[in-house]
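In: The following block contains a protein sequence and its predicted model.
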Amino acid sequence: MCGIVGYIGNREAYPIILNGLKRLEYRGYDSAGIALYDGNDIQLCKTKGKVADLETKFSAGISTNGSLGIGHTRWATHGVPNDVNSHPHYSNSGNLVIIHNGIIENYETIKQELIKRGYTFKSDTDTEVLVNLIEEVMNHEDTKLGKAVQIALNEVVGAYAIAVFDKRKPNEIVVAKLGSPLAIGLGNDEFFIASDASPFLEYTKTAIYLKDEEMAVIRLGRDVKIRKIKDDQLVDPYIQRLKLNLEQIEKGGYDHFMLKEIYEQPHAIKDTYRGRLLANKGIIKMSGVDDNLEKFMNAQRILIVACGTSWHAGLVAEYIFEDLARIPVEVEYASEFRYRNPIITEKDVVIAISQSGETADTLAAIKLAKSKGAFVFGVCNVVGSTIARETDAGAYTHAGPEIGVASTKAFTTQITVLTLIALKLAKLKGSLSQSDYHYHLQELELIPQKVEQALKSDVHIQMIAETYMNARNFLYLGRGYNFPVALEGALKLKEISYIHAEGYPAAEMKHGPIALIDENMPIVVIATKKGHYEKILSNIQEIKSRSGKIIGIVTEGDENVRDLADHVIEVPETVESLSPLLTTIPLQLLSYHIAVMLGKNVDQPRNLAKSVTVE
Ligand code: F6R
């Protein structure tokens, strides 16, 4: 978590860093700070709160001069969010200043050692320990900043993306990476540093993504020099041309990124299957799968590891793989999997799902699976992310940048990719009849226009949101393919509106949650025509007879649920395995509108961050 930005060149650094931090607020937003070198000294301003609060603090008279600077937007790990714990942090002499995304696990031991040597600390952070360790190395070993950073990082255990400069040498910034992302934008004798490329897209489309255990000395008038932190080996930089454009990371007329991303789903799903799904020819082409067909075909089981919404996509995939391709599947929370000594063999295929490609627990689960010899396949959205690089093969979701903290288009595009894989294997295994296979392909191709249709219920959903915005609890029920959608609907509501919500398999209701039902309990029931429809109707009757308020998500034209429910929201008809791609749309819109009506910060809900790079 945390976003970092830096600039060195001939422009004013402040606006570049400030705007860059605003774009990176998805990574954390409990405090922010910027340090600028004004030609004489470092001007440092930091505050608890958002980047907008930092801007206000600067505008009260703090100098914004300088063409060298670093900035940080924080998601607290060590030390509560307050002004003092905010980054950047000075070293004791005031010569060095640092920003850090990650965790130094052995900081307490190092801190005690530094205290013995006379260092004092203002904050509770691990980062202040690191900058003083670098200073101690510089003084003790009489080295330059770059070498001191390298020596210090060889002492620390943990994860980091750092940028540090020395006010006595204001023509260079030193950066390093292990575990947390770090991109260097290359301009015309100017350099940009950021957690992802979004802060510098309008200045340059040429960038280097540092790899783990690499560091770089970025000096004006010189090429960027990259080294391995451990053995000092020089590395040839891999310079990339970025395809991202600015419009993709802006709101484009929508009030919130979340709404924009909900509405982008028809396009995102199409982009995800474009070039892969050739429905009229009956072909699915996916190089990551095609090149590793033997692994998939001989898999004794598929293990899916993920967190949060991505885990819900994994649960949908479990139904798809088992139902269509007849391959046994287990879905695990990455955070549990990595610590429970799981049985993994070389005959397992592990699929890791992650929008950001940076989730620490998912990454650790991948490493564990690889160490046991399993073939690991990644389903990621962020191109070039750590998980995309760490996996043996993979398929991108092509959803475009997802900036709203609540995941929406990532979920539907993950399901799209996983469906393509399952259908491909189903065909090869002969587990689906030819006609069923072709029918699924045609239906998948139609999903974008059906999502478009589902989005038309938006105004109707706003009215439902108004009716229930003050409810204290919600239940979400679904069966089969739509049970994970119920979980996802509840998660969406919880995370952005702070209303307690539970997702349940509809039939489980009578084993406990039914006790919660009274006239104050809204219950969202996913009751599409093909998914155990008769059973769901009985569940609805059970709720009705206990006076619960029913919001039914139904197939277009359904009359049975309409007769029983307080409200219905229609989605177009499709094959059951694809129905989650449609039923999830009204649930996203419902949570969005309730949160907006309650005045919550939809794109940046409290306590959360978009990419969870700590365990
Ligand atoms: C929920 C949400 C989180 C993420 C989870 C995994 O809306 O965004 O639950 O799904 O943190 O993140 P990724 O997919 O980036 O690994």
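Out: In hand now; what should we look at?
In: Neighbours of whichever residue of the chain sits closest to the ligand, how many?
Out: Nearest to the ligand, among the residues of the chain, is Gly308, at 1.9 Å (CB to the nearest ligand atom). Backbone N, C-alpha and C define where each C-beta goes, glycine included. Gly308 is flanked by 24 other residues according to other CB atoms under 10 Å.
In: Also Val80?
Out: Counted with other CB under 10 Å, Val80 comes out at 11.
In: What of Leu244?
Out: Leu244 has 16 nearby residues by other CB under 10 Å.
In: Now the residue of the chain closest to the ligand: phi and psi?
Out: Backbone torsions of Gly308, given as degrees, to the nearest 10, read phi 60, psi -130.
In: wait, what's in contact with it?
Out: 407, 491 (CB atoms under 8 Å, 6 or more residues apart in numbering).
In: start at 779 instead
Out: I'll keep to 779 as the first residue from here, and by that count the last item is Gly1086.
In: Find me the pLDDT at it, would you?
Out: Per-residue pLDDT puts Gly1086 at 96.
In: next one: Met1287
Out: 85.
In: That one in helix, strand or coil?
Out: helix (DSSP: H, G, I helix; E, B strand; the rest coil).
In: Who are the contact partners of it?
Out: Met1287 touches 1253, 1255, 1317, 1320-1321, counting by CB under 8 Å, 6+ apart.
In: can you check Lys947 too?
Out: Here Lys947 is in contact with 922-923 (CB under 8 Å, 6+ apart).
In: again with Ala1188
Out: Going by CB under 8 Å, 6+ apart, the list of residues near Ala1188 reads 1087-1088, 1091, 1133, 1159, 1175, 1177, 1180.
In: tell me which residues form a beta bridge with Gly781?
Out: Under the criterion DSSP bridges, Gly781 forms beta bridges with Thr851.
In: check contacts around it.
Out: Neighbours of Gly781 in contact, by CB under 8 Å, 6+ apart: 798-799, 801-806, 850-851, 879, 972-973.
In: In a markdown table: those, plus pLDDT and secondary structure.
Out: Rendered in a markdown table, the data for those read as follows (pLDDT from 0 to 100; DSSP: H, G, I helix; E, B strand; the rest coil):
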| residue | pLDDT | secondary structure |
| --- | --- | --- |
| Gly798 | 96 | helix |
| Leu799 | 96 | helix |
| Arg801 | 89 | helix |
| Leu802 | 89 | coil |
| Glu803 | 84 | helix |
| Tyr804 | 76 | helix |
| Arg805 | 78 | helix |
| Gly806 | 78 | coil |
| His850 | 97 | strand |
| Thr851 | 94 | strand |
| Asn879 | 92 | strand |
| Ala972 | 96 | strand |
| Ser973 | 93 | coil |
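In: between the residues you listed, which is nearest Ile1363?
Out: Each of those was scored against Ile1363 by CB to CB, and Tyr804 proved nearest at 22.1 Å.
In: Show the residue spans covered by the helices in the stretch 979-1128 of the chain.
Out: For the stretch 979-1128 of the chain, the helices defined by DSSP state H, counting those that start in this stretch occupy 1035-1041, 1043-1051, 1065-1068, 1071-1075, 1086-1098, 1112-1115.
In: Enumerate the positions of the third one that are buried.
Out: Within helix 1065-1068, the residues scored as buried using 16 or more other CB atoms under 10 Å are 1066-1067.
In: which helices and strands does it pack with?
Out: strand 1171-1174, helix 1187-1207 (3 or more CB pairs under 8 Å, 6 or more residues apart in numbering; DSSP states H and E).
In: Which of the ones you listed sits closest to Ser864?
Out: Among the helices and strands packed on helix 1065-1068, the nearest to Ser864 by CB to CB is helix 1187-1207 (29.3 Å).
In: could you dump whichever helix or strand comes after the closest one to CSV, C-alpha only?
Out: Per DSSP states H and E, the first helix or strand lying C-terminal to helix 1187-1207 is helix 1212-1233. Extracted in CSV, the C-alpha atoms of helix 1212-1233 (Å, rounded to 0.1, in the frame of the first residue of the first chain):
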residue,chain,number,x,y,z
GLN,A,1212,-20.5,-29.7,-29.4
SER,A,1213,-23.8,-27.9,-29.4
ASP,A,1214,-23.5,-26.8,-25.8
TYR,A,1215,-20.0,-25.6,-26.4
HIS,A,1216,-21.0,-23.5,-29.4
TYR,A,1217,-24.0,-22.1,-27.5
HIS,A,1218,-21.8,-21.0,-24.6
LEU,A,1219,-19.4,-19.3,-27.0
GLN,A,1220,-22.3,-17.4,-28.7
GLU,A,1221,-23.8,-16.4,-25.4
LEU,A,1222,-20.4,-15.2,-24.1
GLU,A,1223,-20.1,-13.0,-27.1
LEU,A,1224,-23.5,-11.5,-26.4
ILE,A,1225,-22.7,-10.7,-22.7
PRO,A,1226,-21.4,-7.1,-23.3
GLN,A,1227,-24.7,-6.1,-24.9
LYS,A,1228,-26.7,-7.9,-22.1
VAL,A,1229,-24.6,-6.0,-19.5
GLU,A,1230,-25.5,-2.8,-21.4
GLN,A,1231,-29.2,-3.8,-21.0
ALA,A,1232,-28.7,-4.6,-17.3
LEU,A,1233,-27.3,-1.1,-16.7
